[in-house]
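[1] below are the sequence and a predicted model; questions follow.
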Amino acid sequence: MADNILIRDLTLRDGQQSQFATRMNQAQVDRLLPLYKNAGFYAMEVWGGAVPDSIMRYLDENPWERLEKIKSAVGPASKLTALSRGRNLFGYNPYPDEVIEGFCRNAVSSGIDIMRIFDALNDIDNMKSTIRYVKQNRGIADCAVCYTVDPKFAWLDKVKALLAGKPVPGRIFTIDYFVTKAEQLAGLGADMITIKDMAGLIDPGTAGKLIRSLKKNVAIPINLHTHCTPGFGLASVLMAMLNGVDIVDTVILNFSGGPAAPAFELVQLFADKLGLETGVDRPSVAAINKALLGIRRELAQFDQYKMFPRPFDIAADKLPAEIDILFDQAIAAARAERISELLQNTQAIEKYFNFPAPDDIVRVAQIPGGMYTNMLAQLQQAKLEHLLAKVLQTVPRVRLDAGCPPLVTPTSQIVGVQAVNCVIDQAQGKPFYTSKSIQFVNLVKGTYGKTPVKIDPAFRLKIAGTREETPYDTSKYQKQENPFLKELGGVRLAKEEKEELLLELFPTVANTFLKKLREREYKIYLEKNPKVEEKSAADEMWESLSDYA
């Protein structure tokens, strides 16, 4: 085992997205940046995911400016990381290469050092162009394999499937499946591999086996990303540390736990006991954590748990003896692979720190927490919430029919919505799949890429009207309109490439955001030039706006 481990801090992206609906504004972020500059994290995830959409939609802030301000403040102290959904980038439909190239080039030039690239189907073909363009622009390609588990069928459902001539397949998502994907990505030039466990479903026993196998078969760094929702997160990170993982993802205490990643402070305490150096400055982390407490209070309306972790200063505080020994017992259990005992100890540690209890629904149903809440909301809207158990039972069938995609954005939403549709159809006396979302049709058709299991051609014909897998044809892609705004002096809605990319990636939200931005600029121009009586498209007028915006 190596004598050091690297830490990727997720607080400013995944942490706030998991806990507070991505509502941190620029002023809140700015308060933390001088502290982060001294913290010494290997990397900081600060962009991608829901950040660009949310800060335009809810905060009226520019995503590119957020990234550039973070880079300016942190400099080379930590590598900045963004999340990209491969060929889909941020949407559902794939984009042509020119959009992907523009996005990757501008993201790297604006401050991104590491691009974490994933695909919701683990379709390697959907990741190739992003890998290529990130590396062409001297970025680091962090290629993620989405972790998932096999659909879980009740015994009676297995019998029914067998009698219907469609037996449930054997194991799909084995250790070999994930290692093979990692090897393929390494062959394409990946600089590191992340096991991306969106729902926190990787149990500690599997985490240990998977990391061991990856370290044996892949020569580039391995990163584990997981969440705490079902109660496995901290234990699985510990098992990964014991089996040679190079990088682990954490969130600083006051933003951690529950639906977020494990707390850095707890991982640091384990690292201390294992003799692993993280290189992180503890007083800086303690200062960040104190500031995060105030920010969390400011975000109270978006805080679904409102369970504040027990105060703990990683630079100064000592654990009570009865809690400290739980860390030792957890390490001993992990080394002996006594998984139940390991989980008892790590969950007792998290209970002491006042984290939310494990979500048994997520653990038993083996679905992401967000997918569960979306399905429940859909049923409540139809006043059919009493059918939730039936929906949970239907998810594996819908998922298998659709080629068994991993349940990650957007496939988790697609499968969840369709499962609800099927149960509502049945409740109304209609056959399954009477109601189909366009996203489900496209998934089955092949628009989003190749699924882990081949889809029955007869089912594809029933759902999508064709027996043949039909990939998305990017030659038919239509670029978003970028109109002249006559009422604002004739300026274009998007004035330069980065704004054009916002329009391509977030058409509706960016249209509103950019229109407001142009209105503010035009108002400033008129204030600076009171003699201008009519709206003009003169080039010199709009060139001058950069001085005022």
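    That came through fine.

[2] now stretch 298-318: mean pLDDT?
    Average pLDDT, stretch 298-318: 95.

[3] and residue 508, how many neighbours?
    Close neighbours of residue 508, defined as other CB atoms under 10 Å, add up to 10. Placement of C-beta: from N, CA and C, glycine included.

[4] where does the prediction get shaky in the stretch 151-300 of the chain?
    Within the stretch 151-300 of the chain, the set of residues satisfying pLDDT under 70 comprises 153-168.

[5] which stretches in it count as helices?
    Secondary structure of the stretch 151-300 of the chain (DSSP state H, counting those that start in this stretch): helices located at 155-163, 175-187, 204-217, 233-242, 264-274, 282-298.

[6] which one of the ones you listed has the most crowded surroundings?
    helix 233-242 (a mean of 29; mean count of other CB atoms under 10 Å).

[7] show me the shaky parts of the stretch 1-150 of the chain.
    Checking the stretch 1-150 of the chain against pLDDT under 70 turns up 1-2.

[8] so which residues of the stretch 351-500 of the chain form strands?
    484-485, 491-492 (DSSP state E, counting those that start in this stretch).

[9] which among the ones you listed is found nearest to residue 112?
    Of all the strands of the stretch 351-500 of the chain, strand 491-492 sits nearest to residue 112, with 25.9 Å by CB to CB.

[10] which SS class is residue 115?
    Here residue 115 is recorded as strand under DSSP: H, G, I helix; E, B strand; the rest coil.

[11] how near is the residue nearest to it when sequence neighbours are not counted to residue 227?
    The spatial neighbour of residue 115 that comes closest, neighbours along the chain excluded (CB to CB, 6 or more residues apart in numbering), is residue 134 at 4.6 Å. The gap separating residue 134 from residue 227 is 25 Å, by CB to CB, to the nearest Å.

[12] more neighbours, those two?
    When residue 134 and residue 227 are compared on other CB under 10 Å, the one with more neighbours turns out to be residue 134, at 31 against 28.

[13] isn't the more buried one right up against residue 109?
    No - using CB atoms under 8 Å, residue 134 makes no contact with residue 109, being 11.8 Å away.

[14] what does stretch 307-320 rub up against?
    Residues external to stretch 307-320 that are found in contact with it (CB atoms under 8 Å, 6 or more residues apart in numbering): 253-254, 256-258, 263-265, 268-269, 282-283, 285-286, 289, 293, 296, 324, 327, 352-356.

[15] now with 7 Å?
    Stretch 307-320 has contacts (CB atoms under 7 Å, 6 or more residues apart in numbering) with 253-254, 257, 265, 268, 282-283, 285-286, 352-356.

[16] widest-spaced pair of the residues you listed?
    The widest separation within the contacts of stretch 307-320, taken as CB to CB, falls between 283 and 356 and amounts to 28.0 Å.

[17] that older thread, among the contacts of stretch 307-320, which one sits closest to residue 304?
    Checking the contacts of stretch 307-320 against residue 304 by CB to CB gives residue 356 as the nearest, at 9.2 Å.

[18] distance check, the closest one against residue 190.
    34 Å.

[19] same deal with residue 496?
    Residue 496 is 31 Å from residue 190, by CB to CB.

[20] more crowded one of those two?
    Ranked by neighbour count (other CB under 10 Å), residue 496 and residue 190 place residue 190 first, with 25 against 11.

[21] nearest residue to the more buried one other than its sequence neighbours?
    Distance criterion CB to CB, 6+ apart; nearest residue to residue 190, sequence neighbours excluded, is residue 143 at 3.8 Å.

[22] which neighbours does the helix or strand hosting that neighbour have in its sheet, and in what orientation?
    If you go by DSSP states H and E, residue 143 is part of strand 140-146. For strand 140-146, the paired strands and their directions (DSSP bridges) read strand 114-117 (parallel), strand 192-196 (parallel).

[23] what's the most buried one of those?
    Of all those, strand 114-117 has the most neighbours on average by mean count of other CB under 10 Å, namely a mean of 26.

[24] figure out how far that strand is from the centre of its chain.
    The chain centroid and the centroid of strand 114-117 are separated by 11 Å, computed with CA atoms, centre = their mean, to the nearest Å.

[25] cool, stretch 95-107 as well?
    Distance, centroid of stretch 95-107 to centroid of chain: 19 Å (CA atoms, centre = their mean).

[26] before we move on, what about stretch 213-227?
    18 Å.

[27] dump stretch 57-76 to CSV, restricted to CA.
    Only the C-alpha atoms of stretch 57-76 are listed here, as CSV (Å, rounded to 0.1, in the frame of the first residue of the first chain):
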residue,chain,number,x,y,z
ARG,A,57,-31.6,29.7,-13.8
TYR,A,58,-31.8,30.6,-10.2
LEU,A,59,-29.0,33.1,-9.4
ASP,A,60,-28.7,35.0,-12.7
GLU,A,61,-24.9,34.4,-12.7
ASN,A,62,-22.5,33.5,-15.5
PRO,A,63,-21.1,30.0,-15.4
TRP,A,64,-17.9,30.9,-17.2
GLU,A,65,-17.3,33.8,-14.8
ARG,A,66,-17.7,31.5,-11.8
LEU,A,67,-15.1,29.1,-13.2
GLU,A,68,-12.7,31.9,-14.1
LYS,A,69,-13.0,33.6,-10.7
ILE,A,70,-12.3,30.3,-8.9
LYS,A,71,-9.2,29.7,-11.0
SER,A,72,-8.0,33.3,-10.5
ALA,A,73,-8.3,32.9,-6.7
VAL,A,74,-7.0,29.3,-6.3
GLY,A,75,-4.4,29.4,-9.0
PRO,A,76,-2.2,26.3,-9.2
